[in-house]
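>>> Sequence first, then the predicted structure, then my questions.
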Amino acid sequence: MDELIKRALEKQNPWWFNKPYNQGINRLDYYLEIQKYLTAEEALIILGARRTGKSTILLQIIDFLKINPKRILLINLDEPIFQSKSDDPTFLSDLIENYIVENEIKDKFYVFIDEIQNYDYWIQTIKTQYDINKKIKFILTGSTAVLLKNVISTRLSGRYFSITISPLSFSEFLKFKNKTNLTIIEKKKLIEKYLQYGSFPRVVLEKEESLKHDLLKNYFQTIYLKDIIYTHKLRNNKDIFDLLYFILSNVGRLFSYTNIAKTLGIATDTVKEYIDYAESSYLINTVNKYDPSVKIQIANLKKIYCIDTGLVNSISFKFSENKGMMIENLVFNNLFSKQKEIFYYKGNNECDFLVKENRKIISAVQVTTSLKDEKVKKREIAGLLEAMDKYNLQEGLIITEDEKEIISFNSKKIKVIPLYEWLE
């Protein structure tokens, strides 16, 4: 094995030498699917935006295994020496096979590969190794959904499971902050920080608020450059930046590709392409108007939400001026992280979210900072009731910043619940 590669591997695999390594704060309890998939022979692909903690979770899995350290090989493909081999079709296979021979591995062998998208031939390598050696268990991470499009769906069909890692849930946020037994006032103050600075693990742990802001800008720049510009070989940086700035400044608002194109002076097809790229990098999620016909869903106006409210605040506008928008974005992220299908409703009135499960709409949700203004209350209730009638729902939900009540309409019931209760 090449000496430089050997040194890089020794640095990345401290357990070989019984050296300590930082596993961060445990998150495996929140991702029980990971533990379940560890016993399956299929590869496990852990996806998600950069800086959501995928690499740390790999280290937590390694500690969880409690096996002979030599049966674990971690390869972080962000390492420059490995990046220089990205277009070598035999590099990864040779590295794995040489390691197995040199260490006389005969039992089940775990290969962890971080940022797998950095290697051009990763799909061919995983398929070949999986087919010839069932004792190898692959656990991979990637930062772009392009991994699961086109070729992977056919070339690795039946050979993998996948799971997506999100920024911290509110319960994880409290765990990272070491906060328990909170009063309502304490909880509301923490939700303010959760909304303002978001929930990327490193940002949550940072105590200096000005550094939080700098970290978030850095994260955006990294996603923008590495997962959008470089991955898709884009040349017009200004157009893509203007588009990202525009959509992050308008989260939760209805849009069409044509209207954005006219506003920014960019071709409609280019707008659609760039939004697809941003979604494949996990920066944003688009939400369709619900219709039983997928074709009609695609044709209607859409909404966009950002993966993290802190990113929005750091890039586009002041948190205090757009708190309602941030609460709506947070509610979407919470619903989405639970692997629900989310849509919006639009008829004579509008409802923020419809939640679909097993081909059926199971709930309707409105989000607003307050219902104290009678015009706002009338509008929110009208949209919610219309959606409830449309999909035969007996109960609806309005999430507010601080209000709580039960509103009855004939046989239907609307629960008004404050965000600090709903996030539990």
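Looks like it arrived, so ask away. Residues are numbered from 1 along each chain as shown.
>>> Wasn't residue 137 part of a helix?
No. Counting by DSSP: H, G, I helix; E, B strand; the rest coil, residue 137 is located in no helix; its state is strand.
>>> Tell me, what's the model's pLDDT at the closest residue to it other than its chain neighbours?
The spatial neighbour of residue 137 that comes closest, neighbours along the chain excluded (Cβ to Cβ, 6 or more residues apart in numbering), is residue 110 at 5.0 Å. For every residue, glycine as well, the C-beta is placed using N, CA and C. We have a pLDDT of 97 for residue 110.
>>> do residue 168 as well
According to the model, residue 168 scores 97 on pLDDT.
>>> go on, the one 5 residues further on?
Turning to residue 173, the model gives it a pLDDT of 98.
>>> Give me the neighbour count for it.
The local packing of residue 173 (other Cβ atoms under 10 Å) involves 20 other residues.
>>> same check, this time on residue 11
With other Cβ under 10 Å as criterion, residue 11 counts 10.
>>> Return the distance of it relative to residue 173.
Between residue 11 and residue 173 the computed distance is 32 Å (Cβ to Cβ, to the nearest Å).
>>> Pairing partners for whichever strand or helix holds the residue nearest to residue 137, with directions?
Taking DSSP states H and E as the criterion, residue 110 maps to strand 109-114. Using DSSP bridges, the strands paired with strand 109-114 are strand 72-76 (parallel), strand 136-142 (parallel).
>>> Name the stretch from those strands that approaches residue 254 most closely.
With Cβ to Cβ, the closest approach to residue 254 among the strands paired with strand 109-114 belongs to strand 136-142: 31.4 Å.
>>> on that earlier part again, mind putting the strands paired with strand 109-114 in JSON lines, mean pLDDT and distance to residue 186 included?
Compiled in JSON lines, the strands paired with strand 109-114 are given as follows (pLDDT from 0 to 100; distance: least, Cβ to Cβ, whole Å):
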{"stretch": "strand 72-76", "mean pLDDT": "98", "distance to residue 186": "39"}
{"stretch": "strand 136-142", "mean pLDDT": "95", "distance to residue 186": "35"}
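>>> Can you say which of these is packed in most?
Ranked by average neighbour count under the criterion mean count of other Cβ atoms under 10 Å, the strands paired with strand 109-114 are headed by strand 136-142 at a mean of 23.
>>> mind checking the SS state of the spatially most central residue of the chain?
Among the residues of the chain, residue 166 comes closest to the average C-alpha position under Cα atoms, centre = their mean, at 3.9 Å. Counting by three-state DSSP, the backbone at residue 166 sits in coil.
>>> Is it in contact with residue 48, as I believe?
Yes. The pair residue 166 and residue 48 passes the contact test of Cβ atoms under 8 Å, sitting 6.5 Å apart.
>>> Show me the contact partners of stretch 337-346.
For stretch 337-346, contacts defined as Cβ atoms under 8 Å, 6 or more residues apart in numbering pick out 166, 169, 254, 287-290, 297, 300-301, 303, 332, 335-336, 350-357, 364, 383, 386-387, 390.
>>> Just the buried residues of it, please?
In terms of neighbour count (16 or more other Cβ atoms under 10 Å), stretch 337-346 has its buried residues at 337, 340-346.
>>> Kindly reformat these as TSV containing secondary structure, pLDDT and distance to residue 70.
TSV is the format used below for these (DSSP: H, G, I helix; E, B strand; the rest coil; pLDDT from 0 to 100; distance: Cβ to Cβ, whole Å):
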residue	secondary structure	pLDDT	distance to residue 70
337	helix	89	36
340	coil	82	42
341	strand	93	44
342	strand	97	45
343	strand	97	50
344	strand	97	52
345	strand	97	56
346	strand	95	58
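>>> Confirm residue 352 sits in a strand?
Yes. Assessed by three-state DSSP, residue 352 belongs to a strand.
>>> Tell me, how many residues neighbour it?
By the other Cβ under 10 Å criterion, the neighbourhood of residue 352 contains 24 residues.
>>> got it, and residue 347?
By the measure other Cβ under 10 Å, the count of residues near residue 347 is 12.
>>> Report all helices and strands that the longest helix seen in the chain contacts.
Looking only at the chain and at elements set by DSSP state H, the helix with the highest residue count is helix 374-390. Contact here means 3 or more Cβ pairs under 8 Å, 6 or more residues apart in numbering; DSSP states H and E; on that basis helix 374-390 packs against strand 341-346, strand 350-357, strand 360-367, strand 395-400, strand 412-418.
>>> Pass me the low-pLDDT residue ranges in the stretch 301-424 of the chain, would you?
Per-residue confidence for the stretch 301-424 of the chain (pLDDT under 70) gives these ranges: 317-320.
>>> now the stretch 1-150 of the chain
Regions of the stretch 1-150 of the chain meeting the criterion pLDDT under 70 cover residues 146-150.
>>> need the helices for it, in chain order.
Remark: helices assigned in the stretch 1-150 of the chain by DSSP state H, counting those that start in this stretch are 3-12, 32-37, 54-65, 80-83, 91-102, 122-132.
>>> elements contacting the host helix or strand of residue 247?
Assigned by DSSP H and E, residue 247 falls within helix 237-248. Taking 3+ Cβ pairs under 8 Å, 6+ apart as the contact definition, the neighbouring helices and strands of helix 237-248 are helix 257-264, helix 268-280, helix 309-315.
>>> Appreciated, that's everything.
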